[in-house]
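Engineer: A predicted structure for the sequence below; I have some questions about it.
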Amino acid sequence: MFRDLKGKMAIITWGGKGMGRTFTLAFAKAWTKVVVSDTSLEECRKVVDEIKKEECEALTLKCDVSKKRSWWDGQEDSWEIWECGF
């Protein structure tokens, strides 16, 4: 489905449910580091737990993409975590 994405990072908005969840799991299976972003941290955590069971890397990010500052703050946090050897 995806080309070589190993070692890349994908930030999936609304990744905690529905189509976003489906895409999140697909990216994780392609060995992509995945940031699961949603307005519900609880939904994000459920998806991250699924991903980690498959020994893939993922983290949660509570974010409302309709609010610019929320999105930008979350991006910075994600980059810093992985730069430190997530």
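Structural biologist: Good, I have the coordinates. Numbers count the residues shown, from 1 in each chain.

Engineer: Report the beta-bridge partner residues of the residue most central in space within the chain.
Structural biologist: When Cα atoms, centre = their mean is applied to the chain, the residue found nearest the centroid is residue 35 (1.8 Å). For residue 35, the beta-bridge partners under DSSP bridges are residue 11, residue 59.

Engineer: wait, doesn't it sit right on residue 13?
Structural biologist: No - using Cβ atoms under 8 Å, residue 35 is not in contact with residue 13, being 9.4 Å away. Any C-beta I mention is one placed from the backbone N, CA and C, and that applies to glycine too.

Engineer: ok, which stretches of the chain are strands?
Structural biologist: Remark: strands assigned in the chain by DSSP state E are 9-13, 33-38, 58-62.

Engineer: most tightly surrounded among the ones you listed?
Structural biologist: Comparing these by mean neighbour count (mean count of other Cβ atoms under 10 Å), strand 33-38 ranks first with a mean of 27.

Engineer: contacting residues around that one?
Structural biologist: The contact list for strand 33-38 (Cβ atoms under 8 Å, 6 or more residues apart in numbering) reads 7-17, 20, 24, 27-28, 44, 47-48, 51, 56-63, 65, 74, 78, 82, 86.
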